[in-house]
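Undergrad: have a look; sequence and predicted model below, questions after that.
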Amino acid sequence: MAKPATRLPVTNLRTRKVKILATVGPASSDPKMLLRLYQAGVDAFRVNMSHGDHALHAATIAAIRALEKNVGRPIAILCDLQGPKLRVGQFKGGKAFIRHSAHFTLDRDPAPGDDTRVCLPHPELFAVLNKGQRLLIDDGKLRLKVIRANPESILCSAEVGGAISDRKGVNVPDAVVPVPALTPKDRADLAFALEQGADWIALSFVQRPEDVAEARRLIGGKSSLIAKIEKPAAIASLDGILELADGVMVARGDLGVELNPEEVPPLQKRIVEAARRLGKPVIVATQMLESMIESPAPTRAEVSDVANAVYDGADAVMLSAETAAGQWPVEAVTIMDRIGTQVEADPGYAARVHFIATPADATTADALAQSAAKIAETVTTAGIIVFTSSGSTARRVARERPNVAVLVLTPSLRTARRVALLWGAHAVHTKDIGSFEEMIAKGKRMALRQGFGEAGSKLIALAGVPFGTPGATNLLHVVTLTGDELKGREG
């Protein structure tokens, strides 16, 4: 008779506050590899809906949930929707060559293309493009400028020519493309992700707040929504998008295609700053340790790039192909973990991470969250304990970027998983509380169990009375551990 699987001991509290989001793919989907990635520092996993089918994704999600049960820690799962993909048609022989400065036409004729024309099977583009606007093909390798456009064809001049082949992608940076952010495939993928219990949904091709509103309507509160900022049009509507989304992702790869490279770093800081000011989680993504797809060590520039995001106070940094298809997935996570830990240990980190002003809203909950962070600066404390059912109190506290970690106690497993992407949060799924005395006793007991301090350590507790009322944070209490708390009951 086979022995039952033994659950691993509760993982020690991570000293790193910035979270690591790793993409699962062929290089990392094996359960043993998922465990190695978690042990190396992964806090959340991304499932890229652009690749693979639902059966493969279901197996991946099941493996992550099995890992979660094995390590006894909540793990967030983010399902990333593909979004619409604009592509040219096909060519005679599968390829062509556009000469530099030559004229090239995009039309609605389905016949195979050649060196002078090709079909553009997206009729909605013909109505929005005007003289002087750009079309970028194959991730910007080819650049066309519109000379004139009508409902049947778009005549362009090749600013940068080159080889082109079937179905290469098209980016339109200078216009709001009248294409919904959710394609039929995305809608099917979204329904699947919700059925699978995904904690976060990442929405691609966001251009306006209405795109986010439509996704929120379909999600219906079953998951949290990340708006990916990858289109220049989204920058113009950033405040409205942030207001409707639960968080944002700085998708620098696509931004870097549609914008000049030097424009992306200031925009990254602007997006991070705007999200932090509103207390919305922000993920910095794409090409963070790109060279580690093939190399066991990153470039110095990549290390500085990751460190810059940590200094800015991003909630999470993301690995894409590095863990999905790279040759060194564990090493990539290990390096990212070391960078985050080293930056946060820098004596100058606290000043740099607070370069963004996050004034409290005129609410009791916000005022108490701000006070908790201030007390942690003034009095030596081992951490802040947050009792929450929805996670809103944890988000308020994390917005302040306190100098101590945040122990989030919640009776909701869904909340515990979502909080796994939140800066500085260490979430624990535990039984609900019914009284102030029970809150204090449980908070102290769980703090010791999870590695928050020792006998004599002070902790700050935040909660709402009456208990179980979402968003009703109205209580702050400083407690001192005695070391006897673990004699109490479980849970």
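TA: In hand now; what should we look at?
Undergrad: now do stretch 67-79: distance to the chain's middle.
TA: 16 Å (Cα atoms, centre = their mean, to the nearest Å).
Undergrad: with only the CA atoms kept, save that stretch in CSV.
TA: Provided in CSV are the C-alpha atoms of stretch 67-79 (Å, rounded to 0.1, in the frame of the first residue of the first chain):
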residue,chain,number,x,y,z
LEU,A,67,1.6,22.4,-5.1
GLU,A,68,-0.3,24.9,-3.0
LYS,A,69,-1.7,22.1,-0.9
ASN,A,70,1.7,20.4,-0.6
VAL,A,71,3.5,23.5,0.7
GLY,A,72,0.6,24.8,2.8
ARG,A,73,0.8,28.3,1.3
PRO,A,74,-1.7,30.2,-0.9
ILE,A,75,-0.5,30.7,-4.5
ALA,A,76,-2.0,33.1,-7.0
ILE,A,77,-2.8,31.9,-10.5
LEU,A,78,-3.1,34.6,-13.2
CYS,A,79,-4.6,33.6,-16.6
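Undergrad: in it, what's buried?
TA: By neighbour count on 16 or more other Cβ atoms under 10 Å, the buried set for stretch 67-79 is 67-68, 70-71, 73-79. For the C-beta atoms, the positions are set from N, CA and C on the backbone; glycine is no exception.
Undergrad: could you dump these to TSV with secondary structure and distance to Lys19?
TA: Below are the buried residues of stretch 67-79 laid out as TSV (DSSP: H, G, I helix; E, B strand; the rest coil; distance: Cβ to Cβ, whole Å):
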residue	secondary structure	distance to Lys19
Leu67	helix	16
Glu68	helix	15
Asn70	helix	20
Val71	helix	16
Arg73	coil	13
Pro74	coil	12
Ile75	coil	11
Ala76	strand	8
Ile77	strand	13
Leu78	strand	11
Cys79	strand	17
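Undergrad: so which of the residues you listed is the closest to Ile433?
TA: Pro74 (18.3 Å; Cβ to Cβ).
Undergrad: so what's the closest one up against?
TA: Shown in contact with Pro74 (Cβ atoms under 8 Å, 6 or more residues apart in numbering): 68, 413, 416-417, 419-420, 427-429.
Undergrad: ok, now with 7 Å
TA: 68, 413, 416-417, 420, 427, 429 (Cβ atoms under 7 Å, 6 or more residues apart in numbering).
Undergrad: what's the answer for Thr116, then?
TA: So Thr116 contacts 104-105 (Cβ under 7 Å, 6+ apart).
Undergrad: ok, so what distance separates it from Thr15?
TA: According to Cβ to Cβ, to the nearest Å, Thr116 stands 60 Å off from Thr15.
Undergrad: what do you get for Arg108?
TA: Counting by Cβ to Cβ, the gap from Arg108 to Thr15 is 58 Å.
Undergrad: same thing with Thr299?
TA: In terms of Cβ to Cβ, Thr299 sits 26 Å off from Thr15.
Undergrad: then Thr334?
TA: 15 Å.
Undergrad: same question for Met318.
TA: 20 Å.
Undergrad: which of those two has more neighbours?
TA: Met318 (28 against 12; other Cβ atoms under 10 Å).
Undergrad: tell me if that one really is in a strand.
TA: Yes. Per DSSP: H, G, I helix; E, B strand; the rest coil, Met318 lies within a strand segment.
Undergrad: who's Leu78 bridged to?
TA: Using DSSP bridges, the beta-bridge partners of Leu78 come out as Arg46, Trp200.
Undergrad: ok, how many other residues are close to the nearest residue to Gly89 once chain neighbours are set aside?
TA: By the measure of Cβ to Cβ, 6 or more residues apart in numbering, the closest residue to Gly89 outside its immediate chain neighbours is Cys119, 3.3 Å from it. For Cys119, the number of neighbouring residues by other Cβ under 10 Å comes to 17.
Undergrad: contacting residues around Cys119?
TA: Taking Cβ under 7 Å, 6+ apart as the test, what Cys119 contacts is 89, 107-110, 113.
Undergrad: try 10 Å this time
TA: Going by Cβ atoms under 10 Å, 6 or more residues apart in numbering, Cys119 touches 88-91, 106-113.
Undergrad: quick one: the helices in the stretch 1-150 of the chain?
TA: Here the stretch 1-150 of the chain has its helices, by DSSP state H, counting those that start in this stretch, at 31-40, 54-71, 123-126.
Undergrad: I appreciate the help and will end here.
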